[in-house]
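Peer 1: no sequence for this one, just the structure:
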């Protein structure tokens, strides 16, 4: 199975008329999923990686233009070394898979977050995949070594380096890691916790949120459809009436 969906696999599906242009996921619960099954936490990340591919494919199939996933935060370096190494190994293998199946894929990939601290080999693979996938129909963003506060600080520093002495909201938005993507309309967090965990703090100012107790590896396309149906019934006022 390819890293993303293949065009020939897409089937028509009855979905709500009002869809988010951009949906973002805090993929929480991999470790707990494994622990509950008497497995090592690394097994949970492998299961979560399979879910990531299926959910990204489902969202694009439904017509959602942009999907962002929180793969690894700036705080995740505090986790055990073997767990961090497994996450990085999995990501590296997925990038390899994306290249091997690339002719059948339709997603532009962008990585957001700090690249410092990542291995030179992984950084090189990330750069190559971004260049090779440019211009595709859908947009997949992978937040890797990412923190929302850190992104804002780096954006402001970029503007300072350009000689700016006073900045506007528009200028900061344009200096973020990926200014081309629309702000997320919907942020989904799995695993039962109800916090944002430093994810897309600037961009999600007016996003709708869904918190589900479902652990990330157990998330299904059916639950995605339920979430989209719920989103379509919400009235987004953006501070108005």
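Peer 2: Sure, I can see it. None of the values given here were measured: they were computed from a predicted structure. Residues are numbered from 1 along each chain as shown.
Peer 1: going forward, measure contacts between C-alpha atoms and count neighbours the same way
Peer 2: Will do.
Peer 1: the strands in the protein, which residues?
Peer 2: Here the chain has its strands, by DSSP state E, at 22-26, 66-73, 107-112, 138-146, 186-189, 208-211.
Peer 1: List the neighbouring strands of the third one plus their orientation.
Peer 2: When pairs are called by DSSP bridges, strand 107-112 turns out to pair with strand 138-146 (parallel).
Peer 1: Can you redo the strands of the chain as JSON lines, where the extra columns are mean neighbour count and mean pLDDT?
Peer 2: Shown next, in JSON lines, are those (neighbours: other C-alpha atoms under 10 Å; pLDDT from 0 to 100):
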{"stretch": "strand 22-26", "mean neighbour count": "23", "mean pLDDT": "98"}
{"stretch": "strand 66-73", "mean neighbour count": "23", "mean pLDDT": "95"}
{"stretch": "strand 107-112", "mean neighbour count": "22", "mean pLDDT": "93"}
{"stretch": "strand 138-146", "mean neighbour count": "22", "mean pLDDT": "95"}
{"stretch": "strand 186-189", "mean neighbour count": "23", "mean pLDDT": "98"}
{"stretch": "strand 208-211", "mean neighbour count": "17", "mean pLDDT": "97"}
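Peer 1: I'd guessed residue 45 sits against residue 30; true?
Peer 2: Yes: assessed by C-alpha atoms under 8 Å, residue 45 is found in contact with residue 30 at 5.4 Å.
Peer 1: pLDDT at residue 4, what is it?
Peer 2: At residue 4, the pLDDT value in this model is 42.
Peer 1: do you know how far residue 97 is from residue 212?
Peer 2: Taking C-alpha to C-alpha, to the nearest Å as the measure, residue 97 falls 30 Å from residue 212.
Peer 1: Tell me how many other residues surround the nearest residue to residue 122 once chain neighbours are set aside.
Peer 2: Closest residue to residue 122 apart from its sequence neighbours, by C-alpha to C-alpha, 6 or more residues apart in numbering: residue 92 at 6.4 Å. Per other C-alpha atoms under 10 Å, the neighbour tally for residue 92 reads 16.
Peer 1: cool, residue 49 as well?
Peer 2: 22.
Peer 1: Can you tell me how far it is from residue 162?
Peer 2: Using C-alpha to C-alpha, we find residue 49 at a distance of 39 Å from residue 162.
Peer 1: And residue 180, by the same measure?
Peer 2: In this structure, residue 180 and residue 162 are 20 Å apart, going by C-alpha to C-alpha.
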